[in-house]
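[1] Quick one, structure for this:
(2 chains)
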Amino acid sequence: MKSCKEVHRLVIEGQDRKLGFTERFSLRVHLMLCAACRRFDAQMDLLRQALRRFPGD
Amino acid sequence: MTDPDLQQSLQQMRPTLLRFAMLQLRNEAAAEDVVQETLLAALEGKSSFSGRSQLKTWAVSILRNKIVDHLRRGSREGSLPQVDEQGDEDFDALFDGTGHWQEAPGDWGDPAKVLEQRGFYEVLELCMKALPENLARVFTMREVLGFETEEICKELKMSSSNCWVVLYRARMRLRECLQLRWFGAR
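    Numbers count the residues shown, from 1 in each chain, chains lettered A, B, ... in the order given. The predicted structure follows:
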């Protein structure tokens, strides 16, 4: 299984390019099992949503 | 909305528009220029303002296009600072020797609620300002202006590995800053 360090990298790269099948698969498996990386994934998601709405109201 | 009303509302928005432009251009004169162009375009194009969307949303969308034009012109003239590509070492500290988090990421909660919280966008703006210029340029093109990554690398004539490193660093710095100044501070 990939380490959290490798997974955080995949999460970030997933923001900027389409991940391959194997990458998505190993990412999904890791996220299912790892709450810390799930929270990191959610943080990146929040960042994106926030910036798309910039400058806010 | 009558002309003088529109003009007045647009003028009131000017500081917001300027801040928005400054974040992305990092140059006061250039920011003034694009905002001026935006206000003119808004007045000339007032018939395309349907009144359905908010005036601010409409003005920001014009401004986005002006900023994009400006960046395109700038990239043709060349001059984007390159970064070195040793992207990993900055964040090695986040993980221990076995690749586990040194400090597990915090729970930031429901995005829909967070984004409604008063003050959140001020802090976000502060954190964006704290990004070094070369990171900020690429990152705002990607996230605020919504360019595809490929397109940015091409426009700015950066190698794609350079592009990735820049985006990666920007995301990680922003995360750190928000954790410190917003999520960790509450």
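
[2] Give the burial count for B:Ala185, as a bare number.
    9 (other CB atoms under 10 Å in any protein chain shown). Just so you know, the C-beta spots here come from the backbone N, C-alpha and C atoms, and that holds for glycine as well.

[3] quick one: least confident helix or strand in chain B?
    Lowest by mean pLDDT, DSSP states H and E among the helices and strands of chain B is helix B:55-77, with a mean of 82.

[4] Distance check, the residue minimising distance to the centre of chain B against chain A.
    Nearest residue to the geometric centre of chain B (CA atoms, centre = their mean): B:Thr140, 3.4 Å. Separation of B:Thr140 from chain A (CB to the nearest CB, to the nearest Å) stands at 8 Å.

[5] mind checking pLDDT for that residue?
    Per-residue pLDDT puts B:Thr140 at 89.

[6] where's it relative to A:Glu23, distance?
    From B:Thr140 over to A:Glu23 the distance is 27 Å, taken as CB to CB, to the nearest Å.

[7] Equivalent analysis for B:Asp3, please.
    Distance of B:Asp3 to A:Glu23, computed by CB to CB: 55 Å.

[8] Compare the two and say which is more crowded by neighbours.
    Taking other CB under 10 Å, B:Asp3 and A:Glu23 do not tie; A:Glu23 has more neighbours (15 against 9).

[9] now for the strand or helix carrying the more buried one, which elements pack on it?
    Element membership for A:Glu23, per DSSP states H and E: helix A:21-33. Contacts defined by 3 or more CB pairs under 8 Å, 6 or more residues apart in numbering or on different chains; DSSP states H and E place helix A:21-33 against helix A:4-16, helix A:35-52.

[10] buried residues in the last one?
    Of the residues in helix A:35-52, those buried by neighbour count under the rule 16 or more other CB atoms under 10 Å in any protein chain shown are A:36-38, A:40-44, A:46-47, A:50-51.

[11] What of the shortest one?
    Of all the residues in helix A:4-16, those buried under the rule 16+ other CB under 10 Å are A:4-5, A:7-13, A:15-16.

[12] and of those residues, the nearest to B:Gln179?
    Nearest to B:Gln179 among the buried residues of helix A:4-16 is A:His8, at 14.0 Å by CB to CB.

[13] Kindly provide the distance from that closest one to B:Leu55.
    41 Å.

[14] again, but for B:Leu43
    Distance, B:Leu43 to B:Leu55, using CB to CB: 12 Å.

[15] which one of these two has more residues nearby?
    B:Leu55 (16 against 13).

[16] so what's the more buried one up against?
    Neighbour list for B:Leu55: B:6, B:9-10, B:13, B:49 [criterion: CB atoms under 8 Å, 6 or more residues apart in numbering or on different chains].

[17] Distance to A:Leu31 added to those residues, as CSV?
    Shown next, in CSV, are these (distance: CB to CB, whole Å):
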residue, distance to A:Leu31
B:Leu6, 49
B:Ser9, 46
B:Leu10, 46
B:Met13, 41
B:Phe49, 44
